[in-house]
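Colleague: Okay, here's the prediction I keep looking at, along with the sequence it came from:
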Amino acid sequence: MTENVEFPPPRTVAELRRLLDQLPGDALILVDGYEAAYSAIATAMLTEVQELSGRPSYLGRFEHPSDAARAVAGVDAAAWAISDPGPLPQRVGEPVVALVLRREVRDADE
């Protein structure tokens, strides 16, 4: 299993290129998102992820392997029981390494 490796968040194309040059060429690049518009990158992390099928459209397809195991078992990432799970998601392939770019989180009054 790959441990989480954090990098300074890239702010420019040049910084992103330097970061990408350090990573395996077959690593996925994923982003998190919420609602609409655009945000700056707050963190960049190389980590292992598991793809899942059968997810609602508002959820991403990839989870950390431990969160994916909970989702497949019918428990969400916050460890709450899913009340009406419908068909549970299924793992797709094996876990892979991905560069995850997380958006900045701002206070509501900013």
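Modeller: Perfect, I can see it now.
Colleague: Just the strands from the protein, written as ranges.
Modeller: When assigned using DSSP state E, the strands of the chain occupy the ranges 5-7, 28-31, 41-53, 62-63, 90-103.
Colleague: Check which helices and strands the helix or strand bottoming out on mean pLDDT in the chain sits against.
Modeller: Using mean pLDDT, DSSP states H and E, the weakest-scoring helix or strand in the chain turns out to be strand 28-31, at a mean of 84. The contact analysis (3 or more CB pairs under 8 Å, 6 or more residues apart in numbering; DSSP states H and E) places strand 28-31 against strand 90-103. Heads up, the C-betas are built off the backbone N, CA and C, glycines and all.
Colleague: Tell me the strands beside the strand it packs on, with direction?
Modeller: strand 28-31 (parallel), strand 41-53 (antiparallel) (DSSP bridges).
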